[in-house]
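S.K.: Dropping the sequence and predicted coords here.
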Amino acid sequence: MHDCRRTNLSTPSACAATAEGCALCDIVPPAPWGDKSTLLLVPYDHDAEAVLEAVLTTSQLSFAKHHTGSILVAAAPEAAASALSSGLSEITQKSVGAAVINHEVNEKTLVRAAARCRPLSHFLERMRYEWVRPVLSNDQLFSMLHPIVSTKDGSVFAYEMLLRARKPGTNEVIGAWPIIEACEKLHLQHQLDQRARECAIRNAAPYRTSNQRFFINFLPNTIYDPEVCLRTTMRAASEYEVNLKSLVFEIVETEHIDDMAHLKMVLDYYRSRGVCTAVDDMGAGHTSIEYLRELHPDFVKIDRDIVVNAVHDEAVREELHDIVEVAKNLGIQVIMEGLETPEQVDVCLSAGADYVQGFYFARPANPPQQVNNVQCLMRFDKAA
């Protein structure tokens, strides 16, 4: 079961190749403002100006009024953002322009900043997600391991490496979706995807065996030139002595693929190095059987909603069987995810699942949990 929001796969444009890899992926750019920056606020009407001054005064932030009516706030961005977010309504935030001045404040820099002004709400939204920048810069990502169980004997065939982070300051554990959302807002998807792959390989290393597999989610829209963008990923596998043949890169972007040829190129690069591939969420949204025929992955994961609905809906059960039949005819192994009940397990087994995954067997953890309830797989097999 993937942990990732879908984002459209756009046509690749450019890559910043270096001797070590891709600068676009490797380098986390600094925040566009710092503790010595000045925040320029431009109220668009008298009401907004009055409310803004009252909030700044109450919050005891250092500010000064300019003769043009604009307000200059000399405070750390986090402190200013916290005070303005809590003190101003959304309507007022949109009635105030904002821009950051990173140089000496003078008439020239004020004019330039005023020309760059965007609604204060935009600045505050970006500040809400800035926590993710030090997460990427300081390598505060880690993986939870979620077992994928073989229906033949109940053994752990693989672990899916699920992304997590520790939030700076609070050490709070953050799930994949908030991490990805924050990186999308700050345009840091390339840096995230690269670090997530390296993190997954690093966290997989202690559990590698001769036949253990590790499923790693990836967003193909972050990869321009595989030879460059994936160089650090290949280097991580070598550094942590994780056999490339044990890795399965799972495409979590299958909705509205604009450039199928580019995606095939990325997958071919993986395959040329012995890495397997998987398509996630089959049957959800725009993910269709045609993707199996086009991409021909080694594995396909069936969307959880199909599994859940198949328990009580005969039409959905037929759809499930059809997907499995097509996959098997193409030589693709089938994984059914999100299982939480014995009834869902039985539906998956009757449809011909090769592997199953879900809370019914174990929850994501690091170190991984022991797998439970595998006896239901054995009972079904004997009954068959």
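M.R.: Done, it's in. Numbering: from 1, shown residues only.
S.K.: For residue 168, list the residues it contacts.
M.R.: Residues in contact with residue 168, defined by Cβ atoms under 8 Å, 6 or more residues apart in numbering, are 131, 134, 135, 138, 140. All C-beta spots, glycine's among them, are computed from the backbone N, C-alpha and C.
S.K.: who touches the closest residue to the last one other than its chain neighbours in this structure?
M.R.: With sequence-adjacent residues excluded and distances taken as Cβ to Cβ, 6 or more residues apart in numbering, residue 140 is closest to residue 166, at 4.9 Å. With contacts defined as Cβ under 8 Å, 6+ apart, the neighbours of residue 166 are 135, 140, 142, 172, 173, 174.
S.K.: before we move on, the earlier item: please tabulate the contacts of residue 168 in TSV, including the columns distance to residue 109.
M.R.: Below are the contacts of residue 168 laid out as TSV (distance: Cβ to Cβ, whole Å):
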residue	distance to residue 109
131	28
134	27
135	31
138	31
140	35
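S.K.: My read is that residue 156 contacts residue 145, right?
M.R.: No. Using Cβ atoms under 8 Å, residue 156 is not in contact with residue 145; the gap is 9.5 Å.
S.K.: between these two, what contacts are shared?
M.R.: Counting by Cβ under 8 Å, 6+ apart, the residues touching both residue 156 and residue 145 are residue 368.
S.K.: Just give me the residue right at the centre of the protein.
M.R.: The centroid of the chain falls nearest to residue 180 when counting by Cα atoms, centre = their mean (3.8 Å).
S.K.: Name the nearest of the contacts of residue 166 relative to residue 31.
M.R.: residue 135 (12.8 Å; Cβ to Cβ).
S.K.: dump the residue contacts of the closest residue to the closest one other than its chain neighbours.
M.R.: Sequence neighbours aside, residue 165 is the residue nearest to residue 135 in space, at 4.9 Å (criterion: Cβ to Cβ, 6+ apart). By Cβ under 8 Å, 6+ apart, the residues touching residue 165 are 132, 135, 140, 141, 142, 173, 174, 179.
S.K.: Check residue 366 too.
M.R.: By Cβ under 8 Å, 6+ apart, residue 366 lies in contact with 142, 143, 144, 145, 203.
S.K.: that older thread, give the residue from residue 156 and residue 145 that has the larger number of neighbours.
M.R.: residue 145 (24 against 21; other Cβ atoms under 10 Å).
S.K.: Check the contact between residue 250 and residue 281; I expect there is one.
M.R.: No. Using Cβ under 8 Å, residue 250 is not in contact with residue 281, being 9.9 Å away.
S.K.: picking up where we left off before, just the ones of the contacts of residue 366 in helices?
M.R.: If you go by DSSP state H, these have residue 203 in helices.
S.K.: And the contacts of residue 366, which two are furthest apart?
M.R.: 142 and 145 (10.4 Å).
S.K.: Common neighbours of the two, please.
M.R.: Jointly contacting residue 142 and residue 145 under the rule Cβ under 8 Å, 6+ apart are 203, 366.
S.K.: Tell me the spacing between residue 321 and residue 314.
M.R.: Applying Cβ to Cβ, to the nearest Å, the value for residue 321 to residue 314 is 11 Å.
S.K.: neighbour-wise, which of the two wins?
M.R.: residue 321 (15 against 8).
S.K.: Could you verify my assumption that the more buried one touches residue 353?
M.R.: No. When contacts are counted by Cβ under 8 Å, residue 321 is not listed as touching residue 353 (10.8 Å).
S.K.: Now do residue 128 against residue 35, distance only.
M.R.: Residue 128 is 18 Å from residue 35, where distance means Cβ to Cβ.
S.K.: List the buried residues in the strand or helix carrying residue 234.
M.R.: Assigned by DSSP states H and E, residue 234 belongs to helix 231-239. Under the neighbour-count criterion of 16 or more other Cβ atoms under 10 Å, helix 231-239 has 231, 232, 233, 234, 236, 237 buried.
S.K.: CA atoms only for stretch 67-78, dumped as CSV, please.
M.R.: C-alpha atoms of stretch 67-78 as CSV (Å, rounded to 0.1, in the frame of the first residue of the first chain):
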residue,chain,number,x,y,z
HIS,A,67,5.9,56.8,4.1
THR,A,68,4.3,54.9,1.3
GLY,A,69,2.0,53.1,3.8
SER,A,70,3.9,49.9,3.7
ILE,A,71,5.2,48.2,6.8
LEU,A,72,8.6,46.7,7.4
VAL,A,73,8.9,43.9,9.8
ALA,A,74,12.4,43.1,11.1
ALA,A,75,11.9,39.7,12.7
ALA,A,76,12.7,36.0,12.1
PRO,A,77,10.4,34.6,9.4
GLU,A,78,9.1,31.9,11.7
